[in-house]
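S.K.: Can you look at this prediction? I've put the sequence above it.
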Amino acid sequence: MDKAITGRCCNSSQLWLVILNSFLLCSIFLCFDYSALSKTQDGLSDLVHNNENAVTTQIAKSHVDPKATASGTNNTSSTLDRQHTDSCMGRYIYVHELPSRFNRDLLENCESITPGTERNMCPYLVNWGLGPLVEDPDGILLNQSWYSTNQFLLAVIFHYRMKNYRCLTRNSSLASGIYVPFYPGLEVSRYLWGANTSVRLRDQSALDLVKWLVQQPEWGKMLGRDHFLVAGRIAWDFRRKTDDESDWGSKLMFLPESNNISMLAIESSCWNNDYAIPYPTCFHPSKESEVLEWQNKLRSRKRQYLFSFVGAPRPDLHDSVRGKVIGECLASKNLCKLVECNYGINGAITCNNPVNVMKSFQDSVFCLQPRGDSYTRRSIFDAILAGCIPVFFHPGTAYVQYKWHLPKNYTKYSVFIPVRDAQDWKAGINETLLRIPEGRVLAMREEVIRLIPRIVYADPSARLENLEDAFDLAVEGILERIDGVRGATRQGKDPSIGFADGDDFKYTFSGYV
């Protein structure tokens, strides 16, 4: 019995020794694991902190001063690189950090943008370039995402949207496209009116830009054919052919280096490296529900006019198509709503107020869209935004322009009355529109309403998770274009062939009549 007890005590001592050793080993492992865990938690905290800073920065800019920075786009994109490596493959964009004179300085000196005119651009630069909020006491516009947006500020709006793009990268070797955040429209506007309008001044910034670009390592990869910029004016304003002081615009897109760059503009020219994207409207939704709510409102809207026209007469253009349109509208009496945007105080007040414009279009079944000062008009997109079926008179106004954003089959969403010039005016507007069956009218209106997300630029501080807006489609379009050039190069083809060629048939009626 004693032996048994002694033996048991001897085993107990060995057991305690095993337990002690196990405890020491566990302590060591726990210390090691805690150290590793602490590092992991610190890294997670840093990641959360970085993301919180990024979100906080976006929210804090709900009312951006014109002097707010327009650079620093790539600062928070390293996190995006880690999080979206797979989903962003083929969609990465690298943003050049341009010298401030090409963007930020233009905003800080906004009073110099339009010298010699009555238009001060400074008030329109708040809220990421969207402009001041619209006052809408009667609830015509439904929610708080409406702004007095200037149609020539698309380059600024696009830049702010790009700051929130999902697939930014600081590693240019990963990038499928290189974005150049230059504001060419604001730059050239400084020298289109007033005392200083020399071609030397108009071209200097463009010359400096391309000189800077070709010195960057990113240029050499495709000699600039993966580069793109956004112009806040029509493309023709950057294609001055001569150095005559009386000729309009700059020669930005006729510089040798620019032949390798693609430009997105509110209206394209007939050269292949110009692409048209929608004019900015006054609706900049911050969430999808605002878009859906607006669409539903338009579907139930009762429309009292057959057609409408919002615009200014062009007395200097004798016997113009626009004059014919205004004449028919006046002769149609109660069938047509005419909103004249004269250059006087009353006209400016009426047509610069989005509430007045949108109410007129919401009350109309069709909206007439003759050519403006150029082929296109912002009114096209105001009409679509109001669920009003656009009526076009020239294919250059929309059909050959906004191919990334509007259906190829233009009969689904619009009416085309071909008119080459005023002398070609034949069928009356009333008769043409009244002949369209009601079922087709309803189908076209539904298609127009369905297009709304595609032609608006969302609030730069927000992101529409399940809807693609005009910015998203523009980015998809330009990346597809660049990928095509890259593919041609891999096949041994000369990428310069056709890249910036002119298309003499683009603005003809061929294929449309």
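M.R.: Alright, I've got the coordinates. Numbering: from 1, shown residues only.

S.K.: can you confirm Arg420 is in a helix?
M.R.: No: counting by DSSP: H, G, I helix; E, B strand; the rest coil, Arg420 is located in no helix; its state is coil.

S.K.: Can you list phi and psi of it for me?
M.R.: phi -70, psi -40 (degrees, to the nearest 10).

S.K.: Surely it and Ser510 touch.
M.R.: No: counting by C-beta atoms under 8 Å, Arg420 does not reach Ser510; the two are 11.9 Å apart. (Each C-beta comes from the backbone N, C-alpha and C, glycine too.)

S.K.: of those two, who's got more company?
M.R.: Arg420 (13 against 9; other C-beta atoms under 10 Å).

S.K.: Who's the closest spatial neighbour of Trp219, skipping the chain neighbours?
M.R.: Using C-beta to C-beta, 6 or more residues apart in numbering and skipping residues adjacent in sequence, the residue nearest Trp219 is Leu213, 5.6 Å away.

S.K.: residue contacts, that neighbour?
M.R.: Going by C-beta atoms under 8 Å, 6 or more residues apart in numbering, Leu213 touches His96, Val180, Trp219, Gly224, His227, Glu257.

S.K.: The same query, at a cut-off of 7 Å, please.
M.R.: Neighbour list for Leu213: Val180, Trp219, Gly224, His227, Glu257 [criterion: C-beta atoms under 7 Å, 6 or more residues apart in numbering].

S.K.: Out of those residues, which sit inside strands?
M.R.: His227 (DSSP state E).

S.K.: Top of the contacts of Leu213 by number of neighbours, please.
M.R.: In terms of neighbours by other C-beta under 10 Å, those top out with His227 at 26 neighbours.

S.K.: Pretty sure it sits against Ile178.
M.R.: Yes: judged on C-beta atoms under 7 Å, His227 makes contact with Ile178 at a distance of 4.6 Å.

S.K.: so what are the domain limits for the protein?
M.R.: Domains of the chain are assigned by automatic domain parsing as 77-280+470-490, 289-455.

S.K.: Nearest to Leu464, out of these?
M.R.: domain 289-455 (7.2 Å; C-beta to C-beta).

S.K.: tell me the SS of Pro390?
M.R.: Assignment for Pro390 (three-state DSSP): strand.

S.K.: so what's it up against?
M.R.: If you count contacts by C-beta under 7 Å, 6+ apart, Pro390 has them with Cys367, Gln369, Ile380, Ala383, Ile384, Ser414.

S.K.: tell me which element the third one is part of?
M.R.: If you go by DSSP states H and E, Ile380 is part of helix 379-385.

S.K.: quick one: the strands in the protein?
M.R.: 93-95, 177-179, 227-230, 262-265, 274-276, 305-311, 336-340, 364-369, 389-392, 415-416.

S.K.: so where's this structure uncertain?
M.R.: 1-86, 315, 317-319, 343-349, 422, 427, 513 (pLDDT under 70).

S.K.: one more time with 80
M.R.: Scanning the chain for pLDDT under 80 picks out 1-86, 116, 118, 194-196, 314-320, 342-350, 421-427, 513.

S.K.: still on that earlier bit, can I get the contacts of Pro390 in JSON lines with distance to Arg440 and neighbour count?
M.R.: Conversion of the contacts of Pro390 to JSON lines gives the following (distance: C-beta to C-beta, whole Å; neighbours: other C-beta atoms under 10 Å):
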{"residue": "Cys367", "distance to Arg440": "17", "neighbour count": "27"}
{"residue": "Gln369", "distance to Arg440": "19", "neighbour count": "26"}
{"residue": "Ile380", "distance to Arg440": "20", "neighbour count": "24"}
{"residue": "Ala383", "distance to Arg440": "18", "neighbour count": "29"}
{"residue": "Ile384", "distance to Arg440": "17", "neighbour count": "29"}
{"residue": "Ser414", "distance to Arg440": "12", "neighbour count": "25"}
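
S.K.: Switch these over to JSON lines; also include distance to Leu174.
M.R.: Output for the contacts of Pro390, formatted as JSON lines (distance: C-beta to C-beta, whole Å):
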{"residue": "Cys367", "distance to Leu174": "44"}
{"residue": "Gln369", "distance to Leu174": "42"}
{"residue": "Ile380", "distance to Leu174": "37"}
{"residue": "Ala383", "distance to Leu174": "40"}
{"residue": "Ile384", "distance to Leu174": "36"}
{"residue": "Ser414", "distance to Leu174": "40"}
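
S.K.: of all these, which comes closest to Glu108?
M.R.: In terms of C-beta to C-beta, no member of the contacts of Pro390 lies closer to Glu108 than Ile380, at 32.6 Å.

S.K.: got a list of what the closest one touches?
M.R.: Residues counted as contacts of Ile380 (C-beta under 7 Å, 6+ apart) are Gln369, Pro390, Thr397, Ala398.

S.K.: Identify the residue spatially nearest to Arg301, adjacent ones excluded.
M.R.: Gln362 (5.6 Å).

S.K.: Now the phi/psi pair for Tyr183, please.
M.R.: When read as degrees, to the nearest 10, the backbone of Tyr183 gives phi -110, psi 70.

S.K.: Count the residues that sit near the residue nearest to Ala458 when sequence neighbours are not counted.
M.R.: Nearest residue to Ala458 in three dimensions, chain neighbours excluded: Asp469, at 4.7 Å (C-beta to C-beta, 6+ apart). Here the number of neighbours of Asp469 (other C-beta under 10 Å) works out to 23.

S.K.: and what of Asp373?
M.R.: Number of residues near Asp373 (other C-beta under 10 Å) recorded here: 10.

S.K.: still on that earlier bit, would you mind giving the strands of the chain as a markdown table with distance to Val188 added?
M.R.: As requested, the strands of the chain are exported to a markdown table (distance: least, C-beta to C-beta, whole Å):
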| stretch | distance to Val188 |
| --- | --- |
| strand 93-95 | 22 |
| strand 177-179 | 20 |
| strand 227-230 | 13 |
| strand 262-265 | 12 |
| strand 274-276 | 15 |
| strand 305-311 | 25 |
| strand 336-340 | 29 |
| strand 364-369 | 26 |
| strand 389-392 | 28 |
| strand 415-416 | 33 |
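
S.K.: Asn430: which of the contacts of Pro390 is nearest?
M.R.: Cys367 (14.8 Å).

S.K.: What distance do you get for that closest one to Ala383?
M.R.: Per C-beta to C-beta, to the nearest Å, Cys367 is found 4 Å from Ala383.

S.K.: who touches both of these two?
M.R.: In contact with both Cys367 and Ala383: Phe361, Pro390, using C-beta under 7 Å, 6+ apart.

S.K.: sorry, back to before: and the helix holding Ile380, how far out from the chain middle?
M.R.: 15 Å (C-alpha atoms, centre = their mean, to the nearest Å).

S.K.: Alpha carbons of that helix, as CSV, please.
M.R.: Provided in CSV are the C-alpha atoms of helix 379-385 (Å, rounded to 0.1, in the frame of the first residue of the first chain):
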residue,chain,number,x,y,z
SER,A,379,-31.1,71.4,-73.9
ILE,A,380,-30.9,67.9,-75.4
PHE,A,381,-30.1,66.5,-72.0
ASP,A,382,-32.4,68.8,-70.1
ALA,A,383,-35.2,67.4,-72.3
ILE,A,384,-34.3,63.8,-71.6
LEU,A,385,-34.0,64.6,-67.9
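
S.K.: any idea which of the contacts of Ile380 is closest to Ser269?
M.R.: Closest approach to Ser269 among these (C-beta to C-beta): Thr397, at 14.3 Å.
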